[in-house]
Structure formats: structure tokens, C-alpha cells
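Participant: any chance you could fold what I've pasted below:
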Amino acid sequence: MTIDIIYGTRPELIKLAVVIHHLKEIWGNQVRIISTGQHQEMLPSLEEWFGIRPGITLKVMKERQSIGHLSSSILAELSTLYASNRPDWVVVQGDTQTAFVGAQAAFYQGIKVAHVEAGLRTFDKKAPFPEEINRQLISKLADLHFCPSSISKSHLLNEGISESSIEVVGNTVLDALAFSKEKIDSLQIYPKELESYFTGEHSSSQIVLVTSHRRENIGEGLFQIAEAITELAASNPEVVFLVMLHPNPAVKETLLEKLGRKTFNVKFISPLSYPEFLALLNRSYFLLTDSGGLQEEAPSFGKPVLLLRTQTERPEGVLAGCVKVVGTAKNNIVRESQLLLDSEAAYREMVVDRNPFGDGQSALQIAKRLMNEQ
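Facilitator: So this is what the prediction gives:
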């Protein structure tokens, strides 16, 4: 059996890395790895970390290009490839343009599609944008649906997807964490620019890690987030607020403008390598984030997540108590953050013993199911 695995963004590669290793062990060179290069500047170090080398790189990114232009470029490149070289299966992950258009290109050529992390829903096609509509459309194209939980499975069943094509496997991000944690500890990895917070004079300082990149937060939402950080930093001079600057110019420029000269304990950091970021995640006290993946990763480190969104497609964390949806209104962010800074009891309530997103064996279950499809 021949299998193509397509990724283009950092989260996709993280969540497909161990899947790739398992499929390679079974089918060897019959597994072809395709990178669209959607996050081209972030992928090389990650590929090196996981020991993955793409056989084909499309390099479709252009500066400030629209979603439509990105999608059409990926579709054109993959359509040309599949016109002459068709695998039996195409594996895509999540809800990016790479995942959606990869599934679309395969469907047009009559190639079966397996969707990793299937069934996530907010049921608001504009939030997150365009991810929510992407994952709904992928579900219509896919032949196999690998769900992270029974909740995501129920969404697919309610949409008329055949139960026989659905497999609940957990979230593959925990496979990546299991792969990485031991290496990080043994190699004593941490961001060198933050060394004083790991081994030096600031090693006892509390760190609140802030990340924001969602398109729907650009504008007023991001302004409110920045105002909240400014107020929190002024009220808590002993706490360091580390703000990750996403490469998206609209995000980066707004945060620098709104926070750049505000206060001494707000610090900016450029995107880190995956292992460095995990080390920082482990070092942080709690997270202010609009990320999807961090909702899944943070519970493994016992870190509460205050989610800078009004809804989440990952309710498992909310139900377990380790994620709280706070939105982007300044007063909400300040109130919920201050509660965690002031109350040890409130903080402990958000620390879970078991990650609600799985057990780190998802990739093996995916490989086994694909073996049964031969």
C-alpha cells in the first residue's frame, strides 16, 4: 500500500511526526512525505528534531498572500503531482489550508483520505476562521476519521458519517510530547535567551506565557488582550509576562505597538524551536493563549490555560477543568488571571492529574487501522 502524508504547518508536523515513524516502520519507502511549506520558516528545525525528511516540498508561500491564493497554489501543485503519481491513501491532519486542500486534491483524483484529529467543532463557521469550515469540509471528503475523543466522534455521527469509518484514538500531540520530553530533560534544553529564568537570578520568578495569533482576534480582540496584559503587568511587578510574537505581521506589529514601551516586566520573545517551547511551557506558571494545540499540551505539564477565545472546539479541557474560556474582553482576562495569581486554591483546581486528550498511543492505533484497510 502506498501512502502520502501531507503537512505544511508546525502543528501539523508535530501531530503527524510519530504517525510518520510508525507508518514508515510498516511500509518503508511506500510512504511519501509531502510538505507544502505553509510554515516554511518553522519547519526545518522541527523536521530535524523528529528525524523527518520530506520527499517533496512545494514551497507555496508568498509574503502576505491571501487564503485563496495559498489554497489555489497548493491545489495546483498537488493536482499536478497526483495526475501522474497516485497513492492509495492521503493522510492529512487538523484544519489548515494544507489539510483541507490536500484532502480536496486527493478526492478529485479518487484517492482515499484519512483525517487525523477529525470531528472538532465550534459550529460557528467563522470561528476559528477558516479552520472551522476547513475541518467540516474535510469530514465530507475523508474516508477514515481518526477522532481525539468520544465528543468529536459524536459530532461526526450527528453529521451522518458512518460509524465504521470512525476511530477514537486520542490526540497525537501527546505522542509527540512523549517522544520529546525525555530528550529535552536529558539534553537540558531551554531557550538560551531566557537562561536567567531557568538557571539564573530569575529562576524563581513566576512567568505568564502569552500567545495570540488567531485571525478572528486581530483588531479589537488583540487590542483588548494587550490592554489586559498592560494592566496585569502594572499590578503584578514581580510576575514576568512573556509575549510570543507570531510571524503574522498583523499580530506582531499590533503587540509591539501596544506593549512595546509599557512596562519593564512585559518581555517579547520570537518563536522558539519546538523543544525550547516545551521547556518554556513547563517553566511557565499559566498560559494566556488563543491556541488550539496549547489547550492539549499544557495539561501534560500541569499548567492552567486561560483561553483568549469565546468558544473552543476542544471542550475536553474545559470539562476536565484545566482550560477556562475567558474571551478577549480586558476585564475578563484581568479578573481570571489575577485569580490564578492570588489564589493557590483556584490555581490547584485547574491542575489535572491526567491529560484529557489521550495517552500518547494514538499514532500506533492509526497505523494499525490503516493496516486493516489494505
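Participant: against R314, how distant is K140?
Facilitator: 21 Å (Cβ to Cβ, to the nearest Å). The way it works is simple: take the backbone N, C-alpha and C, and place the C-beta from them, glycine included.
Participant: those two: which is more packed in?
Facilitator: Using other Cβ atoms under 10 Å as the criterion, K140 and R314 rank with R314 on top: 25 against 11.
Participant: nearest residue to the more buried one other than its sequence neighbours?
Facilitator: Q295 (4.9 Å; Cβ to Cβ, 6 or more residues apart in numbering).
Participant: how about that neighbour, what does it touch?
Facilitator: 289, 305, 307, 312, 314, 317, 323 (Cβ atoms under 8 Å, 6 or more residues apart in numbering).
Participant: can you list those residues in TSV and add pLDDT, distance to K252 and secondary structure?
Facilitator: Conversion of those to TSV gives the following (pLDDT from 0 to 100; distance: Cβ to Cβ, whole Å; DSSP: H, G, I helix; E, B strand; the rest coil):
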residue	pLDDT	distance to K252	secondary structure
T289	96	16	strand
V305	98	22	strand
L307	98	21	strand
T312	95	24	coil
R314	95	25	coil
G317	97	27	helix
V323	98	25	strand
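Participant: picking that back up, the residue nearest to R314 falls within a helix, correct?
Facilitator: Yes: counting by DSSP: H, G, I helix; E, B strand; the rest coil, Q295 is found in a helix.
Participant: elements contacting the strand or helix carrying A76?
Facilitator: Assigned by DSSP states H and E, A76 belongs to helix 67-84. In this structure, helix 67-84 packs against helix 97-108, with contacts taken as 3 or more Cβ pairs under 8 Å, 6 or more residues apart in numbering; DSSP states H and E.
Participant: how far off helix 67-84 does the helix it packs on point, in degrees?
Facilitator: If you take axes from the mean of the first three to the mean of the last three Cα atoms, to 10 degrees, helix 97-108 sits at 40 degrees to helix 67-84.
Participant: buried sites along helix 97-108?
Facilitator: 97-107 (16 or more other Cβ atoms under 10 Å).
Participant: same check on stretch 291-303?
Facilitator: Those would be 291-301, 303, for stretch 291-303 by 16+ other Cβ under 10 Å.
Participant: how far away from the center of its chain is that stretch?
Facilitator: Centre-to-centre, stretch 291-303 and its host chain are 10 Å apart (Cα atoms, centre = their mean, to the nearest Å).
Participant: first-to-last residue distance for that stretch?
Facilitator: 14 Å (Cα to Cα, to the nearest Å).
Participant: what's the answer for stretch 106-123, then?
Facilitator: 25 Å.
Participant: what does stretch 118-127 rub up against?
Facilitator: With Cβ under 8 Å, 6+ apart, stretch 118-127 has contacts from 95, 128, 132-133, 135-136, 138-139, 142, 145-148, 151-156, 166, 216, 309-314.
Participant: now that we have those residues, which of them are buried?
Facilitator: 95, 128, 132, 135-136, 138-139, 142, 145-148, 151-153, 155-156, 166, 216, 309-314.
Participant: hang on, V60 in a helix?
Facilitator: No: assignment of V60 by three-state DSSP gives coil, placing it outside any helix.
Participant: isn't it right up against S72?
Facilitator: No: look at V60 against S72 with Cβ atoms under 8 Å: they stay out of range, at 9.3 Å.
Participant: these two: which is more packed in?
Facilitator: Counted by other Cβ under 10 Å, V60 and S72 do not tie: V60 has more neighbours, with 25 against 14.
Participant: list the residues that contact the more buried one.
Facilitator: Contacts of V60 by Cβ under 8 Å, 6+ apart are 8, 36-38, 70, 73-74, 77.
Participant: now with 10 Å?
Facilitator: With Cβ atoms under 10 Å, 6 or more residues apart in numbering as the criterion, the residues that contact V60 are 8, 35-38, 40, 69-78, 97-98, 101.
Participant: go on, E167?
Facilitator: E167 touches 114, 118, 144-147, 153, 362, 365-366, 368-370, 372, counting by Cβ under 10 Å, 6+ apart.
Participant: switch these over to TSV; also include distance to N332, pLDDT and secondary structure.
Facilitator: Formatted as TSV, those follow (distance: Cβ to Cβ, whole Å; pLDDT from 0 to 100; DSSP: H, G, I helix; E, B strand; the rest coil):
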residue	distance to N332	pLDDT	secondary structure
A114	39	98	strand
A118	31	98	coil
L144	40	98	strand
H145	35	98	strand
F146	34	98	strand
C147	31	98	strand
K153	32	98	helix
S362	33	98	helix
Q365	38	97	helix
I366	38	98	helix
K368	44	96	helix
R369	41	97	helix
L370	43	97	helix
N372	47	93	coil
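Participant: do you know how far the residue nearest to L174 when sequence neighbours are not counted is from V305?
Facilitator: Nearest residue to L174 in three dimensions, chain neighbours excluded: G360, at 4.3 Å (Cβ to Cβ, 6+ apart). Distance, G360 to V305, by Cβ to Cβ: 19 Å.
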